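A.B. asks: build me a model:
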Amino acid sequence: MRAIPQTVGQDSIRKFDSKSGGYLFLWSTFVAFSLGLMAFESSEAWLLPMFFVFAYAVILFALVRTIALWRDVLNPLSLVLALGFIRFLIPGLMFLSGAEAPEDARMFFGLMQLSDNEWLSGHVLALIGMIATMLGWLLVQITGISVARLKFHISEGTKNAALVGMLVGFMALLAFFLKNASLGAILSGSFRGTTVEVGSGKYFVLAYLLVVGSIFLCCYLLSKNVKWWRALVPVAIAMMAYWPLGGRGRAVMPVAGGLILLWYVNRERKGWSMVSIKPSHFLKVPVAALLVILVFYVGSIYRGNSDPNTLLQSLSITGLWQYLKSAIYMDLGQLHSLAGAIAIGPGVLEGKTFIGSLSWPLSAFLPIPGRSTGIYIIEELVGFPDERRWGIAATLIGDAYVNFGFYGVIIVMGVYGAALKMIYLKFRQGVLHSTVYALAVLAGMQMLWGSIEVWPQTLSMLLFAFAITLAGKTVFNLREDNPRAGLAQNREAML
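C.D. replies: Numbering: from 1, shown residues only. All right, here's what the predicted structure looks like:
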């Protein structure tokens with residue numbers, strides 16, 4: 001792989017984030033954080049407009065500054081700010097502008113009985129959670145440590161172990177599906193409404209091997225200089241295998257991991273040159289955004305259509321527009337989760353969501369208390385008239401508020417930001433392998449997007465990554481591997 005120019009690499013990692021550009025990044029973030037505290041705790045209405053304007057300006061500045069400093073559009077803080085903007089801030093801005101939500105969204109919000117004050121407080125809570133993440137990121141500072149080449153090398157043994165892992169994961173996913181539904185559910189998209197059979201969860205956990213194995217295989221193909229669209233075939237297969245379950249976020253996860261790897265392979269080839277806006281980006285970015293929206297739109301039609309013969313007929317430009325207007329509030333947007341958390345009250349679950357999730361797998365065998373925040377919000381605000389329990393994605397911010405209160409949000413999101421920074425530094429220093437980093441980042445974004453309840457999934461995938469690596473070095477190591485020779489061949493191929 002092409003060598004990284006040392007002046008670029010060392011300069012980009014020796015800088016203190018907080019000192020770069022004079023202390024503006026640190027102090028502007030701290031001022032926004034202080035304004036947020038006053039706006040949330042005070043009843044003074046004039047503080048809210050001031051906080052909203054300043055907080056949005058600081059978040060935009062942090063996004064631009066972080067990308068420029070690290071020369072990396074996909075650094076974890078940028079991903080957090082981008083996801084937070086989609087998840088919380090777009091619906092928040094829509095409400096502030098007085099825009100009327102679509103009828104289906106209004107009906108659901110009416111069932112939740114959320115007041116205007118709870119919407120505003122939820123908006124403020126979202127911004128404070130984002131800013132606390134920025135502060136956690138800034139608190140982790142280093143100097144004098146140079147970067148190294150990123151780790152992409154996958155041995156032949158590990159490649160074979162990844163292939164076997166994909167096969168085992170696919171068989172486990174098929175077993176989970178057949179134990180809870182018929183093959184007809186693949187065409188109808190009705191699996192999401194199925195009650196999962198007790199005892200079939202072990203197949204679901206084992207199925208994560210399909211995701212992990214596909215990302216390992218994608219990394220192997222990229223390291224061999226295979227064309228990008230061929231390298232993404234394994235993760236595309238994993239996505240299609242997960243599609244019938246109806247969970248779009250989990251289905252797109254392997255493809256997202258493959259795209260992260262592709263981005264960093266290209267960054268290495270370009271020697272981590274400065275990130276700049278080119279005319280082609282004005283076409284590529286909207287097209288990429290449209291593709292993401294199309295995936296979620298098709299997924300919503302698929303899992304809500306019981307007749308497979310009318311599935312294609314349900315797809316239309318008008319339907320896409322109607323979906324987008326509703327998704328801003330209820331599907332891509334999730335501000336109502338934080339408004340619901342405000343309505344429930346601070347700290348009412350007393351940490352049970354975090355205890356139950358972080359103690360896994362012990363919580364599966366021992367009487368450790370655990371409670372889903374998303375289900376609890378629906379139970380308290382809407383109820384279960386048909387006795388079928390379900391919930392919303394509470395988000396990590398909502399989890400922290402309902403479990404620990406307002407100051408718990410600050411601590412949890414600060415630790416979250418610091419953890420992302422430490423993982424990123426290990427990756428840029430060449431300590432953490434690219435596949436493990438991609439899995440860790442995906443898990444971190446899922447926590448922000450969904451809930452701390454994805455921790456068992458995160459731990460399972462990281463353990464499977466370790467198992468595939470170990471099996472590649474032992475069971476599947478059929479011949480003597482020379483990593484140095486392999487890397488040399490890869491460098492020659494990519495030059």
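A.B. asks: report the secondary structure state of the residue nearest in space to the middle of the chain.
C.D. replies: Using C-alpha atoms, centre = their mean, the residue of the chain that lies closest to the mean C-alpha position is Met445, 2.3 Å off. Three-state call for Met445 (DSSP: H, G, I helix; E, B strand; the rest coil): helix.
A.B. asks: what does stretch 126-133 rub up against?
C.D. replies: With C-beta atoms under 8 Å, 6 or more residues apart in numbering as the test, stretch 126-133 has contacts from 29, 32-33, 36-37, 40, 51-52, 55-56, 58-59, 77, 80-81, 84, 87-89, 92, 335, 338, 396-397, 400, 409-410, 413-414, 416-417, 420. Yep, even glycine has a C-beta here, placed from its N, CA and C like the rest.
A.B. asks: let me fix that: stretch 450-458
C.D. replies: Residues outside stretch 450-458 that contact it (C-beta under 8 Å, 6+ apart) are 205, 208, 249, 353-354, 357-358, 360-361, 372-374, 393-396, 398-399, 439-440, 443, 446-447.
A.B. asks: just the CA trace of it, in CSV.
C.D. replies: Extracted as CSV, the C-alpha positions of stretch 450-458 are listed here (Å, rounded to 0.1, in the frame of the first residue of the first chain):
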residue,chain,number,x,y,z
GLY,A,450,-30.9,3.1,18.7
SER,A,451,-30.0,2.3,22.3
ILE,A,452,-27.4,0.9,24.7
GLU,A,453,-29.3,-2.3,24.3
VAL,A,454,-27.2,-3.1,21.2
TRP,A,455,-24.3,-3.9,23.5
PRO,A,456,-24.8,-7.7,23.4
GLN,A,457,-24.7,-7.5,19.6
THR,A,458,-21.5,-5.4,19.8
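A.B. asks: how distant is it from the center of its chain?
C.D. replies: Chain-centre distance of stretch 450-458: 11 Å, with C-alpha atoms, centre = their mean, to the nearest Å.
A.B. asks: and for stretch 116-126?
C.D. replies: So, by C-alpha atoms, centre = their mean, the centroid of stretch 116-126 is 23 Å from its chain's centroid.
A.B. asks: buried set for it?
C.D. replies: Within stretch 116-126, the residues that count as buried by 16 or more other C-beta atoms under 10 Å are Glu118, Trp119, Leu120, Ser121, Gly122, His123, Val124, Leu125, Ala126.
A.B. asks: can you list those residues in TSV and add secondary structure, distance to Val265 and pLDDT?
C.D. replies: Output for those, formatted as TSV (DSSP: H, G, I helix; E, B strand; the rest coil; distance: C-beta to C-beta, whole Å; pLDDT from 0 to 100):
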residue	secondary structure	distance to Val265	pLDDT
Glu118	helix	45	92
Trp119	helix	43	92
Leu120	helix	44	91
Ser121	helix	43	92
Gly122	helix	39	93
His123	helix	38	93
Val124	helix	40	93
Leu125	helix	38	94
Ala126	helix	34	94
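A.B. asks: output those residues in a markdown table; the columns should cover distance to Leu478.
C.D. replies: Output for the buried residues of stretch 116-126, formatted as a markdown table (distance: C-beta to C-beta, whole Å):
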| residue | distance to Leu478 |
| --- | --- |
| Glu118 | 61 |
| Trp119 | 60 |
| Leu120 | 63 |
| Ser121 | 60 |
| Gly122 | 56 |
| His123 | 57 |
| Val124 | 59 |
| Leu125 | 55 |
| Ala126 | 52 |
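A.B. asks: circling back to that earlier point, which among the contacts of stretch 450-458 end up buried?
C.D. replies: 205, 208, 249, 353-354, 357-358, 360, 372-374, 393-396, 398-399, 439-440, 443, 446-447.
A.B. asks: those residues in helices, which ones?
C.D. replies: 205, 208, 249, 353-354, 357-358, 373-374, 395-396, 398-399, 439-440, 443, 446-447 (DSSP state H).
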